[in-house]
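1. Need coordinates for the below:
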Amino acid sequence: MKNVDVARSLLNQSSRRLETARRELKEGSLAYSIRSSQEAVELALKAALRLLGIEYPKKHDVSSVLIKFRERFPAWFPADRLAETSIKLAEKREPAMYGDELSMTPADLVFERSEFEMAEQTYMYVEKLFAEYSD
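-> Numbers count the residues shown, from 1 in each chain. Sure thing, here's the model as predicted:
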């Protein structure tokens, strides 16, 4: 399998997670939406890295690799901002399951809609990268 095929598969999985996040947000489960949003961001960014032939770490946050190889991306691709998104949402994985156990705050009360919107923006940028790569 080629890098492009693997990258497309990752992007497809990201799209499916984003669909789940959107549905859960609509149905009122913000915590599950954020968990799925984090997975969508992780998979989309790994797809972008794979598309460019860059090996990524086998962990949830790929920000360090995005920053290290930012010059390999087109000038319009906001690698630094997407790295911040990766960091922020990776930190939200555990609270999305359990809430803030120290303050006894339920998971659905720990998040904001803007965190879902960051996932949508990340996907949009990676999708544009794929379109440009295909031209």
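2. Go through stretch 44-56 and flag the buried ones.
-> The neighbour-count check on stretch 44-56 (16 or more other C-beta atoms under 10 Å) flags 44, 45, 46, 47, 48, 49, 50, 51, 54, 56 as buried. C-beta: built from backbone N, CA, C; applies to glycine.
3. And the furthest pair within the residues you listed?
-> By the measure C-beta to C-beta, 44 and 54 form the most distant pair in the buried residues of stretch 44-56, at 14.0 Å.
4. List the residues that contact residue 41.
-> 14, 82, 85, 86, 89, 118, 119, 122, 123 (C-beta atoms under 8 Å, 6 or more residues apart in numbering).
5. just the CA coordinates of the helix or strand hosting it, formatted as PDB?
-> Assigned by DSSP states H and E, residue 41 belongs to helix 30-51. What follows is helix 30-51, C-alpha atoms only, in PDB (Å, rounded to 0.1, in the frame of the first residue of the first chain):
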ATOM      1  CA  LEU A  30     -20.900  17.200  24.300                       C
ATOM      2  CA  ALA A  31     -18.400  14.900  26.000                       C
ATOM      3  CA  TYR A  32     -18.800  12.200  23.400                       C
ATOM      4  CA  SER A  33     -18.700  14.800  20.700                       C
ATOM      5  CA  ILE A  34     -15.400  16.100  22.000                       C
ATOM      6  CA  ARG A  35     -13.900  12.600  22.300                       C
ATOM      7  CA  SER A  36     -14.900  11.900  18.700                       C
ATOM      8  CA  SER A  37     -13.500  15.300  17.700                       C
ATOM      9  CA  GLN A  38     -10.200  14.500  19.300                       C
ATOM     10  CA  GLU A  39     -10.000  11.300  17.300                       C
ATOM     11  CA  ALA A  40     -11.000  13.100  14.100                       C
ATOM     12  CA  VAL A  41      -8.200  15.600  14.600                       C
ATOM     13  CA  GLU A  42      -5.600  12.900  15.400                       C
ATOM     14  CA  LEU A  43      -6.600  10.900  12.300                       C
ATOM     15  CA  ALA A  44      -6.700  13.900  10.000                       C
ATOM     16  CA  LEU A  45      -3.300  15.200  11.100                       C
ATOM     17  CA  LYS A  46      -1.800  11.700  10.800                       C
ATOM     18  CA  ALA A  47      -3.300  11.600   7.300                       C
ATOM     19  CA  ALA A  48      -1.700  14.900   6.400                       C
ATOM     20  CA  LEU A  49       1.700  13.700   7.700                       C
ATOM     21  CA  ARG A  50       1.400  10.400   5.900                       C
ATOM     22  CA  LEU A  51       0.400  12.100   2.700                       C
END
